[in-house]
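1. Predicted model, plus sequence, below.
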Amino acid sequence: MTLPPGRAGDGGVSDDSVVADAQGALTWLKSQPTSNGKAGVIGPCSGGRHAVLVASRIPDFNAVVDLWGGGVVMAPDQLTEKRPVAPINLTPNLNAPLLGIFGNDDMGPSPAQVDQHEAALKENNKTYFFHR
């Protein structure tokens with residue numbers, strides 16, 4: 001499942017809405033006769049943030065891919081009503097292995113933010129692989 005980027009003009013899609021849509025899609029996917037019962041979530045840019053968020057709030061995903069997802073690491077002044085928590089703070093709840101693909105020359109997320117994300121994954125004994 002690929003998550004769409006938010007609508008920036010009004011602050012984007014709310015995290016709760018993204019999670020509810022992902023839960024609905026996951027339920028539908030797993031109910032299909034061709035389903036093997038496993039599903040992953042993937043997203044680029046703000047969709048990478050959404051993928052990490054969804055996999056941290058819904059325990060039934062089997063894999064997550066974050067493609068240069070900006071906004072996984074957020075400063076307190078970046079939090080909003082629609083985005084009330086930084087996904088990195090949900091790391092203890094992440095139950096799926098995570099593949100992260102990032103650019104060392106990119107600033108969204110910056111290499112320091114990727115390092116911070118990696119440190120949180122290590123601290124919480126999560127299965128992950130980051131490629132930079």
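-> The structure has been received and is ready for your questions. Residues are numbered from 1 along each chain as shown.

2. my guess is residue 117 contacts residue 73, does it?
-> Yes. Using Cβ atoms under 8 Å, residue 117 makes contact with residue 73 at a distance of 5.8 Å. No exception for glycine: its C-beta is placed from N, CA and C like everyone else's.

3. any common contacting residues for the two?
-> Any residue near both residue 117 and residue 73 by Cβ atoms under 8 Å, 6 or more residues apart in numbering counts here, and that gives 88, 109.

4. So between the two, which is more surrounded?
-> residue 117 (25 against 21; other Cβ atoms under 10 Å).

5. Show me the residue at the heart of this protein, geometrically.
-> In the chain, the centroid-proximal residue (Cα atoms, centre = their mean) is residue 52; its distance is 1.5 Å.

6. Skipping adjacent residues, who's closest to that one in space?
-> Setting aside the residues directly before and after it, residue 52 is nearest to residue 87 in space (Cβ to Cβ, 6 or more residues apart in numbering), at 4.4 Å.
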